[in-house]
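> got a sequence here, can you model it:
(2 chains)
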There are 2 protein chains.
Amino acid sequence: MRFVKAHGAGNDFVLLPDHDDRLELTPALARALCSRHLGLGADGVIRLGPPRAGVGADVFMDYRNADGSLAQMCGNGVRCVAKFAVDRNLVAGDTVRVDTRGGVKPVLCTRGPDGLVDRARVDMGPPRPGVVDDELVVDGRTVRVTTLSIGNPHAVLVVDDVAAAPVRTLGPLIERHPVFPEGTNVEFVAVPARDRVVGRVWERGVGETLASGTGASAMAVAAALLGLARRTTAVELPGGSLGVAWGPETVTVTGPAVEVASGDLDPAWLGALGAGAVARVSGGPA
Amino acid sequence: MRFVKAHGAGNDFVLLPDHDDRLELTPALARALCSRHLGLGADGVIRLGPPRAGVGADVFMDYRNADGSLAQMCGNGVRCVAKFAVDRNLVAGDTVRVDTRGGVKPVLCTRGPDGLVDRARVDMGPPRPGVVDDELVVDGRTVRVTTLSIGNPHAVLVVDDVAAAPVRTLGPLIERHPVFPEGTNVEFVAVPARDRVVGRVWERGVGETLASGTGASAMAVAAALLGLARRTTAVELPGGSLGVAWGPETVTVTGPAVEVASGDLDPAWLGALGAGAVARVSGGPA
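As a prediction, the model looks like this:
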């Protein structure tokens, strides 16, 4: 089984090319691959399968988080998928239409001096209002949140000091708050200038991550909705800086896409996971 | 540049085969490879170079920790090196003599049903007394330690409850205690039975790890010296179980060796590290 290890601003992924649609990305396989010491280690696994019929896309991003759960969309992962497709000439030109569980996302790639993709811009679609109006009671305390959906759900909290923000204590409590039946991603942001948002991300099903594309989008949209920032701003995350622009309708995110390594998973390692983890779809070769 | 990702009981490594001695394993390259989100992610990097002349070994284990520092020896890493050499027929038979900065270590491999190595036993050499007699003053408190060297320095503390042991607070304080001018590894152990030692490891230059071969050796020898355990015992670590036997002179450790994946590092990723990080030795090809 071939793999590529890639990251976008420190949000890292194992990509599994599967253009022939032979592989089932099981929760057990995702967890084993993402294990930092016993596997390859990543925030998530992306199977690159054929797009659904009739949606006019180039590739399907079949995404599972490190805990095995499904994700609708990942703004950093989708850039890595687009870089894979352009660098390997799977598409003509520099735009890739990536089919995701959150809809088809067009990704525009730009190339570095070596001719390979080094940055990409993804249209995340329009932000939609979330389920919470303004205040949320968490563990007996009232916190002010801006909730919205950008393919997946987010709750954004404005704080004075991002470095000291209670990401790892309050993050999981808000993630699993009963008001979010499917859970939510949680972002903690400060806005030191009208074109500069600084934040940290608690990713649903993962924990704190170095960067999140949908998280950066949610941070910028929330900062604009609150009147703190312009609709075009840099969003600085622990893993790097992303450019976010909220146009008349949709949000675009621009940022790096880096390939670290590629190769083959060891057959004995895969075999030890058991038949339930490494399932081939019906009709596919063994 | 080729790589193999491997682990022994959850202590994980990037192996860089370099039989032609063309690569310099710089601290910057080790740090970049070991970065969990921006690189491949590992506790350490092992360059497999030619052994030093005249020592009668098969391969040299050139080891750097995740922080870029050199290590004399790594009991889990040396099993992964031996598996690499046997599985790829670099030696005749199932015994590999691995040259390390801590001396030549003979490793006896055993094969699984698929004919590939799945376990290995390494002779760690004789334990030597450490610098501390019994008591150490750390942060104003007196703690009882057993110090010894098994290729590298160790300080072992017996505790009642390993899960609750102050590994991440006391570990770094003892690691850098002035009495250990080169630092020390630190182990916290409980001995529930005379053939069962349970422990956690704070590895010098790395932090808490899931397993350590020299750490398991130090735990077993300390438990025997203190009269708590027999000289042959299982050592249970968070990443798995190792068998340790302290013979008339030397200590052997038996445990798993697992290969996860192999492949090539991305040339653009390597290039971005800069010329100082990816140095070729004089005379080697560019």
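> verify the stated contact: A:Y63 with A:S69.
No. The pair A:Y63 and A:S69 fails to qualify as a contact (Cβ atoms under 8 Å) at a distance of 9.7 Å. Where you see a C-beta, it was placed from the backbone N, CA and C, and this is true even at glycine.
> neighbour count: these two, which is higher?
Applying other Cβ atoms under 10 Å in any protein chain shown to A:Y63 and A:S69 shows that A:Y63 carries more neighbours, namely 24 against 17.
> now the more buried one: which helix or strand?
strand A:59-65 (DSSP states H and E).
> report whether that strand contacts chain B.
No. Judged by Cβ under 8 Å from any Cβ of the partner chain, strand A:59-65 stays clear of chain B, getting no closer than 14.7 Å.
> please save the CA atoms from stretch A:171-188 in CSV.
What follows is stretch A:171-188, C-alpha atoms only, in CSV (Å, rounded to 0.1, in the frame of the first residue of the first chain):
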residue,chain,number,x,y,z
GLY,A,171,-11.7,22.8,24.3
PRO,A,172,-12.8,19.3,25.0
LEU,A,173,-15.7,20.5,27.2
ILE,A,174,-17.1,22.7,24.4
GLU,A,175,-16.3,20.0,21.7
ARG,A,176,-18.7,17.6,23.5
HIS,A,177,-21.2,20.2,24.8
PRO,A,178,-24.8,18.9,24.5
VAL,A,179,-25.8,21.9,22.3
PHE,A,180,-23.5,20.4,19.6
PRO,A,181,-25.0,16.9,18.9
GLU,A,182,-22.2,16.1,16.4
GLY,A,183,-19.5,17.9,18.4
THR,A,184,-17.7,21.0,17.3
ASN,A,185,-14.2,22.3,16.6
VAL,A,186,-13.2,25.0,19.0
GLU,A,187,-11.0,28.1,18.3
PHE,A,188,-9.4,30.6,20.7
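> give the buried residues for the strand holding A:Y63.
If you call a residue buried by 16 or more other Cβ atoms under 10 Å in any protein chain shown, then strand A:59-65 has these buried ones: A:59-65.
> same check, this time on stretch A:173-193
Residues of stretch A:173-193 classed as buried by neighbour count (16+ other Cβ under 10 Å): A:173-175, A:177, A:180, A:183-191.
> A:T142: how many residues sit nearby?
Neighbours of A:T142 (other Cβ under 10 Å): 10.
> what pLDDT does it get?
At A:T142, the pLDDT value in this model is 95.
> residues touching it, list them.
A:135-136 (Cβ atoms under 8 Å, 6 or more residues apart in numbering or on different chains).
> direction included, what does the helix or strand hosting it pair up with?
Here A:T142 is covered by strand A:141-144, with elements defined by DSSP H and E. Sheet pairing for strand A:141-144, assigned by DSSP bridges, gives strand A:135-138 (antiparallel).
> show me the shaky parts of chain A.
Scanning chain A for pLDDT under 70 picks out A:280-286.
> and whatever residue of chain A ends up closest to chain B, bridged to which residues?
Chain B sits closest to A:G263 of chain A, with a gap of 1.5 Å, by Cβ to the nearest Cβ. Going by DSSP bridges, A:G263 is paired in beta bridges with A:F3, B:G263.
> isn't it right next to B:V260, touching?
No. In this structure, A:G263 is not within contact of B:V260 by Cβ under 8 Å, at 10.1 Å.
> around chain B, which positions in the stretch 51-200 of chain A sit nearby?
Near chain B, the residues belonging to the stretch 51-200 of chain A are A:112, A:114, A:116, A:118 when assessed by Cβ under 8 Å from any Cβ.
> still on that earlier bit, buried ones in the strand holding A:T142, by neighbour count?
Those would be A:V143, for strand A:141-144 by 16+ other Cβ under 10 Å.
> restricting to C-alpha, output it in PDB.
Output in PDB follows, covering the C-alpha atoms of strand A:141-144 (Å, rounded to 0.1, in the frame of the first residue of the first chain):
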ATOM      1  CA  ARG A 141     -19.600  29.200  33.600                       C
ATOM      2  CA  THR A 142     -20.900  31.400  30.800                       C
ATOM      3  CA  VAL A 143     -18.600  31.900  27.900                       C
ATOM      4  CA  ARG A 144     -19.200  34.000  24.800                       C
END
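> mind checking what helix or strand follows that strand in sequence?
Following strand A:141-144 in sequence order, the next helix or strand is strand A:146-149 (DSSP H and E).
> which residues does the residue of chain A closest to chain B contact?
A:G263 neighbours (Cβ under 8 Å, 6+ apart): A:2-3, B:3, B:261-264.
> tell me how many other residues crowd A:A268.
Neighbour count for A:A268, taken as other Cβ under 10 Å: 18.
> for the helix or strand harbouring A:H154, name the packing helices and strands.
For A:H154, the host element (DSSP H and E) is strand A:153-158. Packing partners of strand A:153-158 (3 or more Cβ pairs under 8 Å, 6 or more residues apart in numbering or on different chains; DSSP states H and E): strand A:141-144, strand A:146-149, helix A:167-175, strand A:185-193, helix A:213-225.
> tabulate these in CSV, adding columns for distance to A:V235.
Compiled in CSV, the helices and strands packed on strand A:153-158 are given as follows (distance: least, Cβ to Cβ, whole Å):
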stretch, distance to A:V235
strand A:141-144, 20
strand A:146-149, 15
helix A:167-175, 16
strand A:185-193, 8
helix A:213-225, 4
